[in-house]
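A.B. asks: next comes the sequence, and after it the predicted model I'd like to discuss.
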Amino acid sequence: MHSPMSTILYIGAETSLEEKNTWILAVITVGVSAVHFATVLGRLPHADVTEIAYIRPMLSAIDVAIALSIVAHIVVAIAAPKGLSH
C-alpha cells in the first residue's frame, strides 16, 4: 500500500510502519488541535478572553488524541503485512 507522500517522495517505495505511524500522529494532532481551537475560540464572541474555560476542552482533546492514536496504531499494525516492522 502506498501513501501519497511515499509515492511522491520515494516513487514506488512501500510505506514503512514507522512512516504510517508518523502520518497517523501528524493527522490526529492537526485534526484534534483544530477542533480544540475552534471550540475554545468559538466562545470568544460571547465571553471575555479571561473568562473562557479552556482547561476541560484541552484535557478532553488530549484524551481523544491519545485514544485515536492507540486505535489507529493498532489498526495499522493489524493491517500490516507479516514481517513488516520498519
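C.D. replies: Right, received. Where do you want to start? Numbers count the residues shown, from 1 in each chain.
A.B. asks: can you check what pLDDT the model gives the most centrally placed residue in the chain?
C.D. replies: Centroid-nearest residue in the chain, with CA atoms, centre = their mean: Ile28, separated by 1.0 Å. The confidence metric pLDDT takes the value 97 at Ile28.
A.B. asks: I figured it hits Ala65, correct?
C.D. replies: Yes. The pair formed by Ile28 and Ala65 meets the contact definition of CB atoms under 8 Å, at 5.5 Å. (Glycine included, C-beta is placed from N, CA and C.)
A.B. asks: just to revisit the earlier point, following the one helix or strand the residue nearest to the centre of the chain maps to, which helix or strand comes up?
C.D. replies: Using DSSP states H and E, Ile28 falls within helix 17-41. Sequence order places helix 55-79 as the next helix or strand after helix 17-41, per DSSP H and E.
A.B. asks: could you check the angle that following helix makes with helix 17-41?
C.D. replies: 160 degrees (axes from the mean of the first three to the mean of the last three CA atoms, to 10 degrees).
A.B. asks: just checking, what packs against helix 55-79?
C.D. replies: Here helix 55-79 touches helix 17-41, going by 3 or more CB pairs under 8 Å, 6 or more residues apart in numbering; DSSP states H and E.
A.B. asks: now the helix it packs on: buried residues?
C.D. replies: Neighbour-count burial for helix 17-41, counted by 16 or more other CB atoms under 10 Å, picks out 17, 19-20, 23-24, 28, 32, 36.
A.B. asks: nearest to Met58 among those?
C.D. replies: Of all the buried residues of helix 17-41, Met58 sits closest to His36, with 6.4 Å by CB to CB.
A.B. asks: can you tell me the distance between the two ends of stretch 46-62?
C.D. replies: One end of stretch 46-62 to the other measures 25 Å (CA to CA, to the nearest Å).
A.B. asks: same question for that stretch: list its buried residues.
C.D. replies: By neighbour count on 16+ other CB under 10 Å, the buried set for stretch 46-62 is 57, 61.
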